[in-house]
Structures are given as C-alpha cells and as structure tokens.
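>>> Mind looking at a prediction? Sequence and model below.
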2 protein chains.
Amino acid sequence: MAEEFVAGSTTELPVKRPREDEEGQNGVSASMDTDAAAAKLPDSISAVIPGWFSEISPMWPGEAHSLKVEKILFQGKSDYQDVMVFQAIVLLRDFWLQSSTYGKVLVLDGVIQLTERDECAYQEMITHLPLCSIPNPKKVLVIGGGDGGVLREVARHASVEQIDICEIDKMVVDVSKEFFPDVAIGYEDPRVTLHIGDGVAFLKAVPEGTYDAVIVDSSDPIGPAEELFKKPFFASVASTLRPGGVVCTQAESIWLHMHIIEDIVTNCRHIFKGSVNYAWTTVPTYPSGVIGFMLCSTEGPPVDFKHPVNPIDVNDKSKRPLKFYNSEIHTAAFCLPSFAKRVIDPKSERKHLELQK
Amino acid sequence: MAEEFVAGSTTELPVKRPREDEEGQNGVSASMDTDAAAAKLPDSISAVIPGWFSEISPMWPGEAHSLKVEKILFQGKSDYQDVMVFQAIVLLRDFWLQSSTYGKVLVLDGVIQLTERDECAYQEMITHLPLCSIPNPKKVLVIGGGDGGVLREVARHASVEQIDICEIDKMVVDVSKEFFPDVAIGYEDPRVTLHIGDGVAFLKAVPEGTYDAVIVDSSDPIGPAEELFKKPFFASVASTLRPGGVVCTQAESIWLHMHIIEDIVTNCRHIFKGSVNYAWTTVPTYPSGVIGFMLCSTEGPPVDFKHPVNPIDVNDKSKRPLKFYNSEIHTAAFCLPSFAKRVIDPKSERKHLELQK
C-alpha cells in the first residue's frame, strides 16, 4: 500500500472519489482489530502508514497529520460519506506525559471531525462565540453538528427554550451516540429536536425571523457540506434569523484557505446587514492546527461579537466545567494575524498604513 | 523502510539515539535528489512515508506531521545534532490554492525548526512580545536562534544599539545563511555580534544587569537545549538582566506539554521577582499547531506584558512589513484556554470559582 501511495500525486489520492466509483461497503464492522479493518479500507488507514491513520486531502495538499491507531471501532458508508471511528494509541510509559492519547477519533470521508482530547476547543468556541454575544438567546438552530457536541454546549445556556438540529447523515448521529457518549450527551437535553435531512431544504421551510442564533457545524466544502459555503445558503440563514440574530459558521483555516475565507467574507458582507466578523481558535487535530468561524448578525439591535454580553463562564453552574472557552478567549479569538487582517479587514489595514505615513 | 517502521513501537523510533550509536555522517551533501538522500537517512525521511518527511518524536508520541518533499537540499551532522534542509513540494495545480507550499524547511534532530511559510509567526511573536513590552530596549541578547530570524525581528526596533547572539551550533548559522537568506538576513544588521558557544557558559561571563531583554530561541528540552529549560539557566538569565528587564523563552505547547510548562512556570515564579506570564501563538508546522512562550521580568520598573508600550506595528517603517504580529495579537496571546489557565494561573481560576458561588 505504501508503494501505491508514493506513486500517486497528492491530487490523485482516492480521498474524494465520487460514490459511483467505489465498491459497495455498506457493512458496518464494529470492534474490529486494526489489521483486519485496514485490509478493507482503501483510504486513510494503511494507505500511508500501516497501523496509523493519515489525514490526506486536496484541501491541504502536500501535508498529512497521522495518529497511531490502537483499534478501529467502526467503519461504514452512509448515503453521504465514509464514517469511521478509531481509538488513538494510548501511551502510558511516555517520558513526558504519564498518559497520552487523543482518545476516540471520528473521521468522515478521511477527515478528522473530532477527537476526545481536543473537541472541547471546537465545540465550545463555535457555540459560545455566538450565544454569549447576544442577551438571552431563546431559539437556536444547529445545521450539521450530528455528533451532538454543539447541542451539549448550547444546553449550558439557561435562557434557551428550543434547540433544533438538522443533520443530513443519520449514521453520524448513531455512531456518535454509540462511541462518543460525552459528546452525544447533547441529544439528552429535553429542549432538543433532531431533524434528519438537508440543511438547505430545512431552512427554506422555516418561517422568517424564527431563530435568535444559527450555528453551522459543517465539514469542508468538498463533500456533503459544499452548499453550506455558498451565497444562497447564507441568504436562507439570514432570513430565518430575527432582527439582530446571529450566525456562526465553520470557516476554515487562515493558514490554508485564505481564498475560501475571502469568498465567504465577501458573501456575508453582501447578505448580513449587521456585523460581519472572523474569529479563530486552536484545534491540534485540524489541518494547520487552527479553525476559523464567520460570525454575522442581521439588521436590528447591533451585535458587538468582540465584547460578549452573556458571560457563560461565570453563570454556568453545570457539572461539566468549560474546558476551553472563557470571556478572554472569546475576545482574543477576533484578533487576527496581520496577513489575515489585510484580507479580511482591509479597511483597518488602510487605516494602519495611513498612521505609518 | 515502511515495514521497518511498522514493526517498531513509537518510543523505539530512532529519532533521538545517542550520538555514539550513529554512524559518522559528517559529510555535507547539498542539492541531492530525494531518492539518493533518502537512501542515506536513517531517520525522518522515508522511514514513515517514502518521499515525505515525517516528524516523529517521543515529545509527541503517537502522532506525526508529514510534508511531501520536493528535494533535499542539505543534510549534515554537526557536533550537536542532525541538520537537514528540504524543499517542501510545490503544488501549482491545486483546486483551492493557486500555489501552495511550505517552502524550504529547516530540520534539527528530526524536528522542524522553521518553514518559509510560517516562520513569521514564531519569529515575530518571540521577539516583539518582549521588546514591545518595554520602552526603548537598547541591549538585547539572543540565546539559540542560529537561523537569524529573531535577529531580523530585533533589528526592527530603532532603539536597540547592541544585539548579541549566542548559538551553540555553527552549522545552523552556516546552513541558514545558505538556504534561508530571508531569515538569516538578521545577521546583516551592523548591531549584531555572533558568539558561537554554549548559552549557559556565555551567560556566566556576562556582567550582571547588562541586558534590557533576553530572548531564548531554543529547540525542545531533549537535545542540545536541555539545560535551557532548567532553574540554574533561568537564574543566570535573571542576573544578566537590568532591573525591570525582560526575558522571553520558547515554552512548548499547552496541548502537549502541560507538565513541562507547569515546571517552567514554577521555576520562573521562584526566580523572577517581576511578572511571570505565559503566551502562545499558532505555528502550523509545530506539533499541535501552537507554541508557547514564558515572559518574565526582573524586579524593577514593573512590566505589564499584556499591554505593550512600544507598538512596533505603527512605528516600523522597514521595507519588510510584519506578517503576523500586531498589537492586538500581542494582547490576545496572553489569553489562555480554561484548561491551561487552571494550571498556569490558578489564582485567577480560584477567583473565578468564587464568582460562580
């Protein structure tokens, strides 16, 4: 398998082949050992390093992040994507760390969606950046987010009365409930209603002005989430939000995807008449180690995302303390490196250059 | 080679073998092609993915970051470490990016020290976090930093009159001057004096209170930089600083090395009687995608690192605009995720818990 990998160029890697080119693999093999599972997997496992999972995608050509696999716990093919869960290696005798592991890892179409070790950073930031920026959010919609982690975080907000989630892939929900109970616990909140279906279609059926906040927890724009990065989708989101309502969407990495981000920012500036902002956070198992978010508000009561008005870290009395988010990190997330600021916030850059004269 | 890799456990990987176990490889092979070079290299190249460089270390067991190699430009063995330079693959036909590459990559003992694409984040932050926190720095010492990037950044400060650098490994300096001219340009500043030697010994010979700022640009604490993470070293640094002088040392990743960081913080609290702070930044090619810095000041005029008094991004009129650093990012760098805050800043955490009652 290693030779096969070397021979191909990065863009020829079989990570995103159309469904029709693939053999049927609808069978689900839970609790298989690594060798047996690897033999059946054409993609990430063993194509690069036998016994390791390597994340390879045309979205980040020429680089790969690899985790040593202790055991593959699940692999299946839904109507939309390949779904895999593995246990990352546990190293107890390590010199620096008494116990070191990323825990269980959820992979969709060869791309890591979450690991037990660092999911807190993503879930807490994509949720509390929007919900802490407005007073008393009551109705919240989650698009994607089938693992339930965003629901878990939304549920921390006592003001919230209704949490709808629209996830396209039921297998993601089922697998998360089986293998990631600490994440999928989000589904246990009585305020949650799960809709299995296409987020784009769901939004069209929602009456205008329904939600205080929409959170779009999507995968990358080259799989089932492609539509969630386009202008019509943002327009639908805007119309389902009340005046002064907020949206937070996954918006890729400043280090890898500045062209995608530039497009998203341009689209959002056209559509959202409130504020349009970009924030980012660290997530070690995402490519380049960071992930960004678009945060926009509709016309109405102004929303200053950079100065949260609803400080969850002080009010939250749940038994699960926040691991990552706090009010300082909230504000810091909007501070951009200069190279990103020049693209995302060129007005501020021009002002800065004038000051230099 | 791939089979050989699979057979070994992560901790048995030959990344950090003692020098005496290795064959002599003092010859320097510049501009070799990948295959020829790989055949000679027992470590990082081709041990994991043929044609790719994979960064494997007991400092981050069970994970590896890999870059596709276009060409190995240099490999040698100094008295202290393995030194390698390679050109990362250039992908011009990529769907998302018109041109995508990390450029040339400097590797010491199998660990990436810098890439042309993201070195700006590290060099700018490790330099300007301390130098922008005090007014008019005049005398600056750099320990390590043989690539010259920190010198390049120090030189932006017009107030600086004297820049000393003590680097243990002359090969790092020579290789950087040959392959990384945009980084090693730091040596061209007339204020710079290069001392090849051991930083620990150098500091002992420096009269007390000599420097306004010391910057410790070290590799990880399991190679030649081991001493630079210990208490006696910090004590030496403190004594070479003037009252209210500042130090910034490379201080590992909050995601991977909380135990090391906890020790460093404890040591620094004992030694530095001014302020003791931890900051972090994103660097995609470092393990976990982040790197941290200890920032301390000696007893004397108080230093509030979080609110810089010397804003280089407005005053700097050089032809090389800052790529990463700005005053907002400076302050944001000190905002820690809650899990790190609980360890590094427990007082603030206790205050926070009291607020929750």
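Perfect, thanks for sending it. Residues are numbered from 1 along each chain as shown, chains lettered A, B, ... in the order given.
>>> which parts of the stretch 101-250 of chain A sit against chain B?
A:101-102, A:118, A:120-121 (Cβ under 8 Å from any Cβ of the partner chain). Yep, even glycine has a C-beta here, placed from its N, CA and C like the rest.
>>> Need those in JSON lines (columns: neighbour count, secondary structure and pLDDT).
Putting these into JSON lines (neighbours: other Cβ atoms under 10 Å in any protein chain shown; DSSP: H, G, I helix; E, B strand; the rest coil; pLDDT from 0 to 100) gives the following:
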{"residue": "A:Thr101", "neighbour count": "23", "secondary structure": "coil", "pLDDT": "84"}
{"residue": "A:Tyr102", "neighbour count": "23", "secondary structure": "coil", "pLDDT": "92"}
{"residue": "A:Asp118", "neighbour count": "22", "secondary structure": "coil", "pLDDT": "96"}
{"residue": "A:Cys120", "neighbour count": "23", "secondary structure": "helix", "pLDDT": "97"}
{"residue": "A:Ala121", "neighbour count": "24", "secondary structure": "helix", "pLDDT": "98"}
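>>> Name the nearest of those residues relative to B:Met258.
A:Asp118 (13.1 Å; Cβ to Cβ).
>>> Of the residues of the stretch 101-250 of chain A next to chain B, which pair is most distant in space?
A:Thr101 and A:Ala121 (16.6 Å).
>>> Nearest to chain B: which residue in the stretch 151-300 of chain A?
In the stretch 151-300 of chain A, the residue found nearest to chain B is A:Gly289; the distance is 1.3 Å by Cβ to the nearest Cβ.
>>> quick one: contacts for that residue?
A:255, A:282-283, B:282-284, B:286, B:288-290 (Cβ atoms under 8 Å, 6 or more residues apart in numbering or on different chains).
>>> Quick check on it: phi, psi?
phi 80, psi 0 (degrees, to the nearest 10).
>>> distance of the closest residue to it other than its chain neighbours from A:His65?
Spatial nearest neighbour of A:Gly289, excluding adjacent residues (Cβ to Cβ, 6 or more residues apart in numbering or on different chains): B:Gly289 at 1.3 Å. Distance check for B:Gly289 against A:His65: by Cβ to Cβ, to the nearest Å, it reads 9 Å.
>>> Now do the shared contacts for those two.
With Cβ under 8 Å, 6+ apart, B:Gly289 and A:His65 have no common neighbours.
>>> Could you tell me how many residues sit around A:Ala279?
For A:Ala279, the neighbour count with other Cβ atoms under 10 Å in any protein chain shown is 25.
>>> got a list of what it touches?
A:125, A:129, A:292-293, A:295, A:305, A:333-334.
>>> picking up where we left off before, I'd like to know how far the residue nearest to A:Gly289 sits from A:Phe234.
Separation of B:Gly289 from A:Phe234 (Cβ to Cβ) stands at 28 Å.
>>> Ok, A:Gly199 next?
12 Å.
>>> higher neighbour count, these two?
More neighbours surround A:Gly199 than the other of A:Gly199 and A:Phe234, with 27 against 22 (other Cβ under 10 Å).
>>> next one: phi and psi at the more buried one?
Here A:Gly199 shows phi and psi, under degrees, to the nearest 10, equal to phi -60, psi -40.
>>> Stretch A:53-67 near chain B at all?
Yes - counting by Cβ under 8 Å from any Cβ, chain B is contacted by stretch A:53-67 at A:54, A:58-59, A:61-67.
>>> In helices, which of these fall?
Among the residues of stretch A:53-67 next to chain B, no residue falls in helices (DSSP state H).
>>> got JSON lines for these, with distance to A:Val309 too?
Formatted as JSON lines, the residues of stretch A:53-67 next to chain B follow (distance: Cβ to Cβ, whole Å):
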{"residue": "A:Ser54", "distance to A:Val309": "43"}
{"residue": "A:Pro58", "distance to A:Val309": "41"}
{"residue": "A:Met59", "distance to A:Val309": "35"}
{"residue": "A:Pro61", "distance to A:Val309": "42"}
{"residue": "A:Gly62", "distance to A:Val309": "43"}
{"residue": "A:Glu63", "distance to A:Val309": "39"}
{"residue": "A:Ala64", "distance to A:Val309": "42"}
{"residue": "A:His65", "distance to A:Val309": "37"}
{"residue": "A:Ser66", "distance to A:Val309": "42"}
{"residue": "A:Leu67", "distance to A:Val309": "39"}
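>>> picking that back up, biggest separation within the contacts of A:Ala279, which pair?
Comparing every pair within the contacts of A:Ala279 by Cβ to Cβ identifies A:Gly292 and A:Phe305 as the most remote, at 13.3 Å.
>>> Quick check: buried residues in stretch A:320-338?
Of the residues in stretch A:320-338, A:322-338 count as buried by neighbour count, 16 or more other Cβ atoms under 10 Å in any protein chain shown.
>>> Out of the residues you listed, which are close to chain B?
Answer for the buried residues of stretch A:320-338 near chain B (Cβ under 8 Å from any Cβ): A:322-326, A:328-329, A:331-333, A:335-338.
>>> Centroid-nearest residue for chain A?
A:Asp217 (4.7 Å; Cα atoms, centre = their mean).
>>> now the strands for chain A?
A:52-55, A:63-77, A:82-88, A:104-108, A:111-115, A:139-144, A:162-167, A:192-196, A:211-217, A:241-250, A:276-282, A:290-297 (DSSP state E).
>>> Show the model's pLDDT score for the residue lying closest to A:Met125 once chain neighbours are set aside.
Nearest non-adjacent residue to A:Met125, counting by Cβ to Cβ, 6+ apart: A:Thr281, 4.5 Å away. pLDDT recorded at A:Thr281 is 98.
>>> For A:Thr281, give me its contacts.
A:121-122, A:125, A:290-293, A:324, A:329, A:333.
>>> Would you agree A:Ile312 is in contact with A:Pro321?
No - using Cβ atoms under 8 Å, A:Ile312 is not in contact with A:Pro321; the gap is 11.0 Å.
>>> Please save the CA atoms from stretch A:158-165 in CSV.
Taking Å, rounded to 0.1, in the frame of the first residue of the first chain, the C-alpha atoms of stretch A:158-165 are listed here in CSV:
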residue,chain,number,x,y,z
ALA,A,158,-30.4,28.6,30.7
SER,A,159,-32.2,31.2,28.6
VAL,A,160,-32.5,28.8,25.6
GLU,A,161,-36.0,27.2,25.2
GLN,A,162,-35.8,25.5,21.9
ILE,A,163,-32.8,23.7,20.2
ASP,A,164,-33.4,22.4,16.6
ILE,A,165,-30.7,20.4,14.8
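>>> Now tell me what touches that stretch from outside.
A:131, A:136-143, A:145-146, A:150-151, A:154-155, A:189, A:191-195, A:211, A:310, A:315.
>>> thought A:Tyr278 was touching A:Phe293?
Yes - if you go by Cβ under 8 Å, A:Tyr278 and A:Phe293 touch, sitting 7.2 Å apart.
>>> So what sits opposite A:Tyr211 in the bridge?
Applying DSSP bridges to A:Tyr211 yields these beta-bridge partners: A:Leu241.
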